[in-house]
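Peer 1: the sequence and its predicted three-dimensional model are supplied below.
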Amino acid sequence: MKNEKSSAAATKPALEAMNDLRLEAARKRLAESSGQEDAIEGLREIVANFLGSEEMGLFRFDQATESFQFYWSFGVELSTSDLLLALGDKGLQRVMRGECHIELGIREGSVAEPKAQAFVPISVADQTIAVLAVLRLLPQKVAFDKSDMELFKLLSKEAAKPLFDAASREIQGTDRTGMPV
């Protein structure tokens, strides 16, 4: 009995250390991206390897039309209207406020009609400029856990710069060197 307790106690710090390494690897992959295409590939790698999904889409907020426009996807063909309808008005409002919207449980869907698992705001200066939709999880992963929530927060705060550098500079009011404009 004593060995089981000490083993469980030793496992918790090991899991926390593993999560810290995962977060640092994701942060480094985004920060070291050499251009937009590489940043998109980095995002795909992070979602596939750390979140357990090979179906994802990215939607950019167009301020002129005040709507989301399809930007990129991997593993499934998407359109803005189909996927964002699954989010619903309340979910979209949460995402626009910078909160992740997670679907609880496993939702069934076909390739023709993807079901979202998570919507992650991609933000600059607390302003949502894009949404990452993470679709069906791989069979070996049944749900998102606490460490996944931390990764969603990291993506929300740190993915905009490598993905949309010009737009993030415009919102922050800086030029390419980071100097105020």
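Peer 2: Good, I have the coordinates.
Peer 1: just the helices in this protein please.
Peer 2: Counting by DSSP state H, the chain has helices at residues 2-31, 36-46, 80-96, 146-158, 160-163, 165-172.
Peer 1: mind saving the C-alpha coords of the second one as PDB?
Peer 2: Going back to what we said before, that points to helix 36-46. Below are the C-alpha coordinates for helix 36-46, written out as PDB (Å, rounded to 0.1, in the frame of the first residue of the first chain):
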ATOM      1  CA  GLN A  36       3.900  31.600 -42.600                       C
ATOM      2  CA  GLU A  37       4.000  28.200 -44.300                       C
ATOM      3  CA  ASP A  38       6.400  26.900 -41.700                       C
ATOM      4  CA  ALA A  39       4.200  28.300 -38.900                       C
ATOM      5  CA  ILE A  40       1.100  26.600 -40.400                       C
ATOM      6  CA  GLU A  41       3.100  23.300 -40.600                       C
ATOM      7  CA  GLY A  42       4.200  23.800 -37.000                       C
ATOM      8  CA  LEU A  43       0.500  24.300 -35.900                       C
ATOM      9  CA  ARG A  44      -0.400  21.100 -37.700                       C
ATOM     10  CA  GLU A  45       2.400  19.200 -36.000                       C
ATOM     11  CA  ILE A  46       1.400  20.600 -32.500                       C
END
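Peer 1: residue 123 and residue 98 touch, don't they?
Peer 2: Yes - with contact defined as CB atoms under 8 Å, residue 123 counts as touching residue 98 (5.4 Å). In short, each C-beta sits where N, CA and C put it, glycine included.
Peer 1: okay, and the common contacts of the two?
Peer 2: In terms of CB atoms under 8 Å, 6 or more residues apart in numbering, residue 123 and residue 98 are both contacted by the residues residue 156.
Peer 1: who has more neighbours, these two?
Peer 2: With neighbours defined as other CB atoms under 10 Å, residue 123 and residue 98 compare such that residue 123 has more, 22 against 15.
Peer 1: for the more buried one, what are its contacts?
Peer 2: 98, 129, 156-157, 160.
Peer 1: so which of the residues you listed would you say is closest to residue 21?
Peer 2: Relative to residue 21, the closest of the contacts of residue 123 is residue 157; by CB to CB it sits at 18.6 Å.
Peer 1: out of the helices of the chain, nearest to residue 52?
Peer 2: With CB to CB as the measure, helix 146-158 is the member of the helices of the chain nearest residue 52 (8.4 Å).
Peer 1: from residue 31, how far out is residue 130?
Peer 2: Counting by CB to CB, to the nearest Å, the gap from residue 130 to residue 31 is 18 Å.
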